[in-house]
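**Student:** whatever this is, show me its structure:
(2 chains)
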Number of protein chains: 2
Amino acid sequence: MVSDKMYELGSKKSTIRTIFEYGRKRAAEVGEDHICDFSLGNPNVPTPDFIKDAAIDILTNMPPQAVHSYTVAPGDAGAREALAKSINKRFGMSFSRKNIFITSGAAAAITICFKALAEPNDEFLVNAPFFPEYTAFVESVGAKLTVVPANPADWQIDFNAFEKSVNPHTKGVIVNSPNNPSGAVYSEDTIRHMASILAEKEKEYGHPIFIISDEPYRELVYDGREVPYIPKYYEHTLVCYSYSKCFSLPGERIGYIAVPDTVPKFDVVFGAIAGAARVLTHVNAPSLWQRVVARCADKPADIAPYEKNGKLLYDGLKEAGFECVRPQGAFYLFPKCMEDDDYAFCERAKKYDLLLVPGTDFGCSGYFRVSYCIATETIERSLPLFKKLAAEYK
Amino acid sequence: MVSDKMYELGSKKSTIRTIFEYGRKRAAEVGEDHICDFSLGNPNVPTPDFIKDAAIDILTNMPPQAVHSYTVAPGDAGAREALAKSINKRFGMSFSRKNIFITSGAAAAITICFKALAEPNDEFLVNAPFFPEYTAFVESVGAKLTVVPANPADWQIDFNAFEKSVNPHTKGVIVNSPNNPSGAVYSEDTIRHMASILAEKEKEYGHPIFIISDEPYRELVYDGREVPYIPKYYEHTLVCYSYSKCFSLPGERIGYIAVPDTVPKFDVVFGAIAGAARVLTHVNAPSLWQRVVARCADKPADIAPYEKNGKLLYDGLKEAGFECVRPQGAFYLFPKCMEDDDYAFCERAKKYDLLLVPGTDFGCSGYFRVSYCIATETIERSLPLFKKLAAEYK
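**Tutor:** Residues are numbered from 1 along each chain as shown, chains lettered A, B, ... in the order given. Coordinates of the predicted model:
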């Protein structure tokens, strides 16, 4: 009577959700301040005041029809122009509004790209570890997600495995740097190497291979690190962005796809994106939020709390004896479990009310994800507990 | 290199859009006040102040994280409860939050339903005339849209044709009352008759047939008319609503699906809806707007300007000699062309700068759609021009 696949997708809880709900129940039993919940990636830095001020100013001073009417599908012309200018200033591009398709967040942006590009038998490649929703999104457009084994040394790319995975069916590669769950930021070398492999394969196969760059964590990088802007390194790049993380606006669903002029057959690609947005029923991105982010596009993200949390947690985990790559970006760490079975390890951590997510869910068994977009006090409270957990393995 | 289908859907302009853009170009040549543009269904009544006030109050007085964080996929619990209560009060139901799935507008709501329900070889039925996007939405989930010929006498249902069209592949029937483009409101008799046919067919085939009731125009009815609430008449009903028209908020994308308790296997249907929303990447409906419409759900829509426009236009068209059904709801009239070829008729109307949409686009050739959600002065200005157009056919 219904689609079995949709029922399965809608009724099975994700591991992350299950752990989070366990935490809520446990908090009700033993008290909130006994729980160290590292499960969710929900930004805890409050939405900055400049967002509130912009929204109230627009609601107060613009005629309501100018704010709330349908926009054309790619978004309000002025908003798109403002976003393009901000990209140009920050990354040295020369975009105009025609390069920007405003979307309801990054999940919509990447899935619109998959839907726009996917032809029968197409595959999209992703390097492990990766955000688990990619599987549902790619499969929902009738394509296959191919997972390239991880490079746990530094969570850059295992280029041997990567090169072997690219094949004539590869339509695109998903890049997510800064990465959920590893916190890694791809270096310029990594991008160049990946681009050169893909450019060769494009020539060999005689068809384009796109990079779909999913960049919701672009602004969340530490120690003054730079995140290379991939269109500068590779022609067939579609950049997917979201304001969920930098401005703590995940509920409002606002982001964009940038289609650089260097993309060959630009009009065909942009047209297919519009068609995909249409049938995924993203009629237009929420029109108030289009204007708000356009006004605030040049404003900085407040990354200080995440940087502080990441360092505190990393140092604490190292001291407790965990193997872990130093945090570079996003608000996640991805340490090695102290036993092979990451589910068993995370289950054992529950004894100390440490709520961790098994790495298997991110395509990488034997590791666990820790989200540090939480109160600093919770992290401080967790460190002796991580030590106790580690002591069990000595 | 891209999906041909997506390119086609995204690059071919709809007839409505083409006419609208012609109007913009023509206005630049001859001046705005020479153009009578009846092409778009964009509400012209300004968004009411209570919406602005609610939004500003929420932004000012709620903690930002309470407003802008992710909500669970079906929407904020409090917002869903408020919407359920408002439905209960107005339509005598006994919904609670568990019956409500908040969506990014009605296009998302209906397509989520199609995607949730569609199994291989499924068909959805619609009575002509109908909103042309239904075709793209239904086909995008892999189902077929079957069109039942219209009943032009009063734009209710041609039950002979309807009964013949229902078949073992029929998974659902799309109802859109008040109707775009005809302006008709289905009477209680019509609903009862349709429900009895479907209930019989359900028994005959041994599987459910859903009514997907697309109701963005529910509040826009005239002469004190009532729009029957379909769940009272038929078990397998999913109600899809939008605040685009009643509160003039089409750009903000906010609406809901109501799943009544009477729907057998409620949890399976609700689960499939959640799965469909997930893969259509409607992560959650914009969170500020969830709260705003929840606060304003009981407020009235300002329909007076539409009622006035509809009457003025109807009387004028009748006086000019057009055949037309009296406006009952929405903000459209669907008169008969004065020649069989509706494209030729609408082309001829352009001579007078009357911008009309051919009925063929709505599955009903020989008619044309007039949107009267425009300035009353434009309608006044158009009436002598309609007379001149009609005179050509005498």
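**Student:** what segments of the stretch 151-300 of chain A are helices?
**Tutor:** All helices of the stretch 151-300 of chain A, identified by DSSP state H, counting those that start in this stretch, fall at A:159-165, A:188-205, A:266-279, A:287-296.
**Student:** which among the ones you listed is found nearest to A:Gly41?
**Tutor:** Nearest to A:Gly41 among the helices of the stretch 151-300 of chain A is helix A:287-296; the distance by C-beta to C-beta comes to 19.8 Å. Heads up, the C-betas are built off the backbone N, CA and C, glycines and all.
**Student:** what's that closest one packed up against?
**Tutor:** Contacts defined by 3 or more C-beta pairs under 8 Å, 6 or more residues apart in numbering or on different chains; DSSP states H and E place helix A:287-296 against helix A:49-61, helix A:64-68, helix A:77-91.
**Student:** in JSON lines, list those helices along with distance to A:Cys36, mean neighbour count and mean pLDDT.
**Tutor:** Formatted as JSON lines, the helices and strands packed on helix A:287-296 follow (distance: least, C-beta to C-beta, whole Å; neighbours: other C-beta atoms under 10 Å in any protein chain shown; pLDDT from 0 to 100):
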{"stretch": "helix A:49-61", "distance to A:Cys36": "29", "mean neighbour count": "16", "mean pLDDT": "98"}
{"stretch": "helix A:64-68", "distance to A:Cys36": "42", "mean neighbour count": "19", "mean pLDDT": "95"}
{"stretch": "helix A:77-91", "distance to A:Cys36": "36", "mean neighbour count": "18", "mean pLDDT": "98"}
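**Student:** is it true that A:Pro46 touches B:Pro64?
**Tutor:** Yes. Contact between A:Pro46 and B:Pro64 holds when scored by C-beta atoms under 8 Å: they sit 5.0 Å apart.
**Student:** hmm, back to that, quick one: closest of the helices and strands packed on helix A:287-296 to chain B.
**Tutor:** With C-beta to the nearest C-beta, the closest approach to chain B among those belongs to helix A:64-68: 3.7 Å.
**Student:** contact partners of that closest one?
**Tutor:** Residues outside helix A:64-68 that contact it (C-beta atoms under 8 Å, 6 or more residues apart in numbering or on different chains) are A:58-59, A:287-288, A:291, B:44, B:46-47, B:51-52, B:248-252.
**Student:** 10 Å - rerun?
**Tutor:** The contact list for helix A:64-68 (C-beta atoms under 10 Å, 6 or more residues apart in numbering or on different chains) reads A:55, A:58-59, A:61-62, A:76, A:286-288, A:290-291, B:42-49, B:51-52, B:55, B:244, B:247-252, B:289.
**Student:** excluding sequence neighbours, find me the nearest residue to the closest residue to chain B within the stretch 101-250 of chain A.
**Tutor:** Nearest to chain B in the stretch 101-250 of chain A, going by C-beta to the nearest C-beta, is A:Ser140, at a distance of 3.6 Å. Of all residues not flanking A:Ser140 in the chain, B:Val279 sits nearest, at 3.6 Å (C-beta to C-beta, 6 or more residues apart in numbering or on different chains).
**Student:** enumerate every residue touching the one you found.
**Tutor:** B:Val279 is in contact with A:5-6, A:9-10, A:107, A:111, A:133, A:136-141, A:280, B:112, B:115, counting by C-beta under 10 Å, 6+ apart.
**Student:** what about the strands in chain A?
**Tutor:** Secondary structure of chain A (DSSP state E): strands at A:36-37, A:100-103, A:123-127, A:144-148, A:170-175, A:210-214, A:237-242, A:255-258, A:332-333, A:354-355, A:357-358, A:368-371.
**Student:** I'd like the ones you listed as CSV, with mean pLDDT and mean neighbour count appended.
**Tutor:** Shown next, in CSV, are these (pLDDT from 0 to 100; neighbours: other C-beta atoms under 10 Å in any protein chain shown):
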stretch, mean pLDDT, mean neighbour count
strand A:36-37, 96, 22
strand A:100-103, 98, 28
strand A:123-127, 98, 25
strand A:144-148, 98, 18
strand A:170-175, 98, 24
strand A:210-214, 98, 27
strand A:237-242, 98, 26
strand A:255-258, 98, 27
strand A:332-333, 98, 26
strand A:354-355, 97, 22
strand A:357-358, 97, 26
strand A:368-371, 98, 26
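**Student:** so can I have TSV of the ones you listed showing distance to A:Glu226?
**Tutor:** Below are those laid out as TSV (distance: least, C-beta to C-beta, whole Å):
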stretch	distance to A:Glu226
strand A:36-37	32
strand A:100-103	22
strand A:123-127	20
strand A:144-148	24
strand A:170-175	16
strand A:210-214	15
strand A:237-242	15
strand A:255-258	18
strand A:332-333	19
strand A:354-355	33
strand A:357-358	29
strand A:368-371	24
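**Student:** out of the contacts of helix A:64-68, which end up buried?
**Tutor:** The neighbour count (16 or more other C-beta atoms under 10 Å in any protein chain shown) marks A:55, A:58-59, A:76, A:286-288, A:290-291, B:42-45, B:47-48, B:51-52, B:55, B:244, B:247-252, B:289 as buried among these.
**Student:** can you name every helix or strand that the lowest-mean-pLDDT helix or strand in chain A contacts?
**Tutor:** Least confident helix or strand of chain A, by mean pLDDT, DSSP states H and E, is helix A:15-30 with a mean of 92. Here helix A:15-30 touches strand A:36-37, helix A:342-349, strand A:354-355, strand A:357-358, going by 3 or more C-beta pairs under 10 Å, 6 or more residues apart in numbering or on different chains; DSSP states H and E.
**Student:** and A:Asp341, how many residues sit next to it?
**Tutor:** 14 (other C-beta atoms under 10 Å in any protein chain shown).
**Student:** should've said A:Ser11
**Tutor:** 14.
**Student:** run a quick neighbour tally on the residue nearest to it when sequence neighbours are not counted.
**Tutor:** Residue nearest to A:Ser11 in three dimensions, not counting chain neighbours: B:Gly271, with 3.5 Å by C-beta to C-beta, 6+ apart. B:Gly271 has 20 neighbours, counted by other C-beta under 10 Å.
**Student:** for B:Gly271, what are its contacts?
**Tutor:** Contact analysis of B:Gly271 by C-beta under 10 Å, 6+ apart lists A:Val2, A:Met6, A:Tyr7, A:Glu8, A:Leu9, A:Gly10, A:Ser11, A:Lys12, B:Ala116, B:Lys265.
**Student:** min pLDDT across those residues, which one?
**Tutor:** Lowest in pLDDT among the contacts of B:Gly271 is A:Lys12, which has 87.
**Student:** chain B versus A:Asn99, what's the distance?
**Tutor:** 16 Å (C-beta to the nearest C-beta, to the nearest Å).
**Student:** circling back to that earlier point, show me just the buried residues among the contacts of B:Gly271.
**Tutor:** A:Val2, A:Met6, A:Tyr7, A:Leu9, A:Gly10, B:Ala116.
**Student:** farthest-separated two in those?
**Tutor:** A:Val2 and A:Leu9 (11.3 Å).
**Student:** find the residues that touch each one of these two.
**Tutor:** Shared contacts of A:Val2 and A:Leu9 (C-beta under 10 Å, 6+ apart): B:Ala116, B:Gly271, B:Ala272, B:Gly275, B:Ala276.
**Student:** check contacts around A:Lys13.
**Tutor:** A:Lys13 touches A:Ile19, A:Phe20, A:Glu21, counting by C-beta under 10 Å, 6+ apart.
**Student:** my bad, A:Asp315
**Tutor:** A:Cys324, A:Arg326, A:Leu383.
**Student:** thought the second one was touching A:Glu307?
**Tutor:** Looking back up the chat, that one is A:Arg326. No. Assessed by C-beta atoms under 10 Å, A:Arg326 is found out of contact with A:Glu307, at 12.0 Å.
**Student:** I appreciate the help and will end here.
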